[in-house]
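next input, structure requested:
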Amino acid sequence: MRTAVTGRRFVIFVEGPTEAEVLPDFLGHWLNAAGRLESKVGIKVVKFEGWAEMVKDLPRKVPLYLDTYPKSGEIIAVVALLDLFGLGLPYPKDCTTTTRKNAWSKEYPEKIAGHQRFKQYFAVHETEAWLLSKPEIFPSDVSKSLTSRAKLPEQVNFDEPPAKLLDRLYMSSTNRHYRKIRNGKKLFVSLCPEIAYQKCPYLKLMLDDMLAMAKEAGL
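Residues are numbered from 1 along each chain as shown. Next up is the predicted model:
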């Protein structure tokens, strides 16, 4: 059981058990690295069952944490993180690039949340993209197949998103499926957040924003 988070912190809305398990340590490790903040910031996760449930609850949950929660003054911001892949949104016809899809997808949840301290971000195209930034953490045969993709992990796209790519490579090299919960948790433990930060611009944007918000909050 994860220890309760106290002190100044972010509340992170996520959509699955793997993200709920790994993101507090992964994001916290980067934010609290030496020289970034004067005091450590905490990460509290709130898990939803996908995009639809999260969006439905935003108008209620965001002000609950930021305005009426007994210790809402300790919360720096509510940050929602979803995979860009699999949203199933009715993108406009001119919304064809990753940049446009990311920007368009942010507008709706931030609008309905209606709070200046709520920020929506997306893992492009899935959180597994961050894992691709360091092929060495994978089994050797899988690692060899990922070397060419490690420089630009977020360009592993809608055609074969990162989790599907990993599943194909795991099956061909180990005869076993890639399991998001079982394999993903272990792989994130081995991943240095700084490596993913340097290779994944959308992750970098989120972490830079969170760092700026933490500093503005006096940390």
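
each with direction, which strands does the strand ranked longest in the chain pair with?
Criterion DSSP state E: the longest strand present in the chain is strand 75-83. Using DSSP bridges, the strands paired with strand 75-83 are strand 9-14 (parallel), strand 118-123 (parallel).

now do the last one: everything it contacts.
Contact with strand 118-123 is made by 58, 62, 66, 77-84, 102, 105-106, 109-110, 113, 129-130, 202-203, 205-206, 209, as judged by Cβ atoms under 8 Å, 6 or more residues apart in numbering. Glycine gets a C-beta too; all of them are placed from N, C-alpha and C.

how much space between the residue lying closest to Glu136 once chain neighbours are set aside and Thr174?
Using Cβ to Cβ, 6 or more residues apart in numbering and skipping residues adjacent in sequence, the residue nearest Glu136 is Ser143, 6.0 Å away. Distance, Ser143 to Thr174, using Cβ to Cβ, to the nearest Å: 12 Å.

more neighbours: which of the two?
Between Ser143 and Thr174, counting by other Cβ atoms under 10 Å, Ser143 is the more crowded of the two (16 against 12).

give me the pLDDT value at the most far-flung residue of the chain relative to its centre.
In terms of distance from the mean C-alpha position of the chain, Asn175 ranks first, at 28.5 Å (Cα atoms, centre = their mean). Asn175 is assigned 95 on the pLDDT scale.

show me which of the contacts of strand 118-123 are buried.
58, 62, 66, 77-84, 102, 105, 109-110, 113, 129-130, 202-203, 206 (16 or more other Cβ atoms under 10 Å).
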